[in-house]
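Asks: can't give you the sequence, but here's the structure:
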């Protein structure tokens, strides 16, 4: 049994949680590969770019109608 099911959440909320969990890092597609694959410590500027992936992922979800329910989670 999933935790969301154990909490007796409505089906629409369980689906939002499922989508949000699956897409939580989707915003990383906006981060350059050179930063994501960098083997060394990130510079402060690079780290600032990586931290923006949460907002970027949320914006992606807001633009896709069936993913809007995942926006608050992403």
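Replies: Yep, it's here. What you are looking at is a predicted structure, and each value in this text was computed from that prediction instead of being measured. Numbering: from 1, shown residues only.

Asks: average model confidence for the helix or strand harbouring residue 12?
Replies: Using DSSP states H and E, residue 12 sits in helix 11-23. The average pLDDT within helix 11-23 is 90.

Asks: which residues sit against the next helix or strand after that helix?
Replies: For helix 11-23, the following helix or strand on the C-terminal side (DSSP H and E) is helix 33-36. Identification of contacts with helix 33-36 by Cβ atoms under 8 Å, 6 or more residues apart in numbering yields 28, 42, 46, 49, 50. (Glycine included, C-beta is placed from N, CA and C.)

Asks: Buried residues, helix 33-36. List them.
Replies: By 16 or more other Cβ atoms under 10 Å, helix 33-36 has no buried positions at all.

Asks: So for that helix, mean pLDDT?
Replies: Throughout helix 33-36, pLDDT has a mean value of 97.

Asks: starting at the chain centroid, how far to that helix?
Replies: Distance of helix 33-36 from its chain centroid, counting by Cα atoms, centre = their mean, to the nearest Å, is 17 Å.

Asks: Ok, stretch 57-74 next?
Replies: 9 Å.
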